[in-house]
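**Student:** Predicted model and sequence follow; I will ask about them next.
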Amino acid sequence: MHDPDQALARDARVRLMKDGSIFRRGTADAAPTDTALSAVHGMPITVERTASGRRVCLPSPGPHSTPTRTSDALITA
């Protein structure tokens with residue numbers, strides 16, 4: 001899977017790849033942390049838990065971006 005939200009929802013085993021190599025591997029509950037996903041994607045990422053208990057990945061607003069809401073997703077402009 002290429003969508004971390006799907007891996008989190010399915011509680012899958014994951015491998016995070018960076019520069020063609022495995023950066024981190026493990027369960028969906030342990031491997032995709034804020035720090036690991038931020039390193040892989042080269043931008044701040046936050047893993048949050050929704051009111052229903054589902055874990056989702058969101059871009060974290062940087063110091064020069066303004067967050068706006070579109071549907072239920074957080075978009076940084």
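**Tutor:** Yep, that arrived.
**Student:** nearest residue to the residue nearest the centre of the chain other than its sequence neighbours?
**Tutor:** Residue closest to the mean C-alpha point of the chain, counted by C-alpha atoms, centre = their mean, is residue 57 at 3.3 Å. Nearest in space to residue 57, with sequence neighbours left out and distances taken as C-beta to C-beta, 6 or more residues apart in numbering, is residue 4 at 4.7 Å. For the C-beta atoms, the positions are set from N, CA and C on the backbone; glycine is no exception.
**Student:** Please report phi then psi for that neighbour.
**Tutor:** With angles defined as degrees, to the nearest 10, residue 4 sits at phi -60, psi -30.
**Student:** In contact with it, which residues?
**Tutor:** 14, 32, 37, 57 (C-beta atoms under 8 Å, 6 or more residues apart in numbering).
**Student:** buried ones in stretch 19-36?
**Tutor:** Going by neighbour count (16 or more other C-beta atoms under 10 Å), the buried part of stretch 19-36 is 24, 28, 31, 32, 36.
**Student:** which one of those residues sits closest to residue 9?
**Tutor:** Nearest to residue 9 among these: residue 28, at 8.2 Å, using C-beta to C-beta.
**Student:** Rounded mean pLDDT for stretch 13-26, please.
**Tutor:** Stretch 13-26 comes out with an average pLDDT of 87.
**Student:** gap between the two ends of that stretch?
**Tutor:** Its start and end residues considered, stretch 13-26 measures 6 Å (C-alpha to C-alpha, to the nearest Å).
**Student:** List the contacts of that stretch.
**Tutor:** Stretch 13-26 is touched from outside by 4, 7, 27, 28, 31, 32, 36, 37, 39, 40, with contacts defined as C-beta under 8 Å, 6+ apart.
**Student:** Show me which pair in those residues is furthest apart.
**Tutor:** Pairwise distances across the contacts of stretch 13-26 peak at 18.3 Å for 27 and 39 (criterion: C-beta to C-beta).
**Student:** before we move on, the earlier item: if you count contacts, what does the host helix or strand of the residue nearest to the centre of the chain end up packed against?
**Tutor:** Using DSSP states H and E, residue 57 falls within strand 55-59. With contacts defined as 3 or more C-beta pairs under 8 Å, 6 or more residues apart in numbering; DSSP states H and E, strand 55-59 has these neighbours: helix 4-10, strand 45-49, strand 73-76.
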